[in-house]
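Q: this is the structure alone, sequence omitted:
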């Protein structure tokens, strides 16, 4: 007589933002009795992913190492589909869990659908309403939504968006966003082990007494004119003697090509290599405000009371705009400068954003998701 094996859950992710939001869920699932939890990383972002795996104490069971220089989206998609299909055929999971809106998430769900494997979608229901902003993420997440049978919505707005698309309400669960779990866990580790983020000590000393503005930009739809406008705006902001810019530069060469000619020689602009997660969390804590086109930073910075100016034309996180923690400024050079200077010069405006309610989670999302998955198998 054979004993039935535990239900096998395979979590699939491949980029730094996915890893940040998934590592609390990995640990929550591994703590659930009656489940066998496995991790497959595609390494869509190799170096940035590995940083988070280390701080998150996650050792992948399968590593596809799919990253290749200058590969196109169709090449990446084709490789992901064949490689993940092979993994599913070998592992035979009872459920696949994907996160967000990357190529890994979309193809991970599609390969599971081809095998009739149920899919859970973490951070489901984000919508900008424009398939080209953000691109290609808006279409990626819509595809996942048509496949998944468990939708873990981070906010009521995201849950409502799914229901408006005729997703069965019984499959939609408002859980909060696990990025807040990751943020709190990482801050606690830094407090206990300051050496984890000691690499910013020199910058903190160099810019002592200045108001630090953290800048991140990497969105594909901003490449070209948008990225150039962001560089010019940051340069104008850096003209102020009381300001310092700390800019972890994304590894995509297009970002460096836009920024170097305009910002590369300024004493109060530190264009640094991408930060691991503990150092990035420390940078957010040091910052007076944040300029970004990132999605995750729109969620993380408000949890630390940092105003966020979103350098995009649309956002799939309207909750931050509504709550007042973030403001959409697009890539118009003059508007980026004007909104930044307003926050620097108007203490009441800064305080109104810094003290606004963070709508993205309470730090207990991962256990909620793990319980729902366990109950579904």
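A: That came through, no problem. Everything numeric here is computed off the predicted structure, so don't read it as measured data. Residues are numbered from 1 along each chain as shown.
Q: avg pLDDT for stretch 287-303?
A: Mean pLDDT, stretch 287-303: 91.
Q: first-to-last residue distance for it?
A: Taking C-alpha to C-alpha, to the nearest Å as the measure, stretch 287-303 stretches 13 Å from start to finish.
Q: and for stretch 55-67?
A: Counting by C-alpha to C-alpha, the length from the leading to the trailing residue of stretch 55-67 is 21 Å.
Q: now do the buried residues in that stretch.
A: Buried positions in stretch 55-67, judged by neighbour count with 16 or more other C-beta atoms under 10 Å: 55, 56, 58, 60, 62, 63, 64, 66, 67. The way it works is simple: take the backbone N, C-alpha and C, and place the C-beta from them, glycine included.
Q: averaged pLDDT, it. What do you get?
A: Per-residue pLDDT values across stretch 55-67 average out to 92.
Q: run through who's touching that stretch.
A: Taking contacts as C-beta atoms under 8 Å, 6 or more residues apart in numbering, the residues outside stretch 55-67 that touch it are 14, 19-20, 23-24, 26-27, 38-46, 52-53, 76, 79-80, 83-84, 87, 91, 182, 186, 189, 196, 276-278.
Q: can you give the distance of it from its chain's centre?
A: Taking the mean of its C-alpha atoms, stretch 55-67 sits 17 Å from the chain's own mean (C-alpha atoms, centre = their mean, to the nearest Å).
Q: use 708 as the first number from now on
A: Will do, 708 is the new start, and the previous item becomes stretch 762-774.
Q: tell me what the longest helix along the chain is packed against?
A: With DSSP state H applied, the helix covering the greatest number of residues in the chain is identified as helix 780-798. Using 3 or more C-beta pairs under 8 Å, 6 or more residues apart in numbering; DSSP states H and E as the contact criterion, the secondary-structure elements in contact with helix 780-798 are strand 714-720, strand 742-748, helix 810-821.
Q: name the element the residue nearest to residue 717 when sequence neighbours are not counted belongs to?
A: Take residue 717 and drop its neighbours on the chain: the residue closest to it by C-beta to C-beta, 6 or more residues apart in numbering is residue 800, 3.8 Å away. Take DSSP states H and E as the rule and residue 800 turns out to sit in neither a helix nor a strand.
Q: what does residue 800 show for phi and psi?
A: The main-chain torsion angles of residue 800 are listed as degrees, to the nearest 10 and equal phi -70, psi 150.
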